[in-house]
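**Q** Sharing a sequence plus its predicted fold:
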Amino acid sequence: MKKIILLSFISAMGIIACSKKTVPTTGTSTPEKTETKTETVKSDTDMRPATAEKIQADIEAKKKEEEKQGGTPPPMTMMDNGKNVFVTKCGKCHALKNTGDYTANQWDGILKAMAPKAKLSGDETRQVEAYIKANAKQ
């Protein structure tokens, strides 16, 4: 009886040891899925990867440049505010979507689902809506 139990135990250990969970694969490997905060964002001249921090830095640099040229910067428009909110609140939880990848109708559904999750106020929602719809795919 002891031999049967011992053989059963050894067989079970051999099966467990050879399962896919414990044996590393050789040859091809699948890369681990990692979340990044980069996204392709349209600029005037090209398409390049950008991060939320890079976009925010670009906005700040633009403000400083405008201050140098005209003394005081012009008041922020609804579009500027929308871009700021989009970068800071939407980019906080996930990679930023390229606004040109979706139509205005598609953005309506996305915004309706995501605004409560991002805890956007009514003004912030309208600002983001103005920004994304102005840059949406035609």
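**A** Arrived safely.
**Q** Could you use CA atoms for every contact and neighbour count after this?
**A** Will do.
**Q** show me where the protein has strands.
**A** For the chain, the strands defined by DSSP state E cover 38-42, 47-51.
**Q** Comparing those, which yields the minimum mean pLDDT?
**A** Comparing mean pLDDT across the strands of the chain, the lowest value falls on strand 38-42: a mean of 47.
**Q** buried ones in stretch 77-88?
**A** 78-88 (16 or more other CA atoms under 10 Å).
**Q** Could you do stretch 105-120 as well?
**A** Along stretch 105-120, these residues count as buried under the neighbour rule (16+ other CA under 10 Å): 107, 111, 115, 118, 120.
**Q** Looking at these, which one is closest to Glu67?
**A** When those are ranked by distance to Glu67 (CA to CA), Leu120 comes first, at 29.3 Å.
**Q** how near is that closest one to Glu129?
**A** From Leu120 over to Glu129 the distance is 11 Å, taken as CA to CA, to the nearest Å.
**Q** thinking again about what came up before, with pLDDT as extra columns, can I get the buried residues of stretch 105-120 in CSV?
**A** Listed next are these as CSV, based on pLDDT from 0 to 100:
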residue, pLDDT
Trp107, 90
Leu111, 90
Ala115, 91
Ala118, 90
Leu120, 90
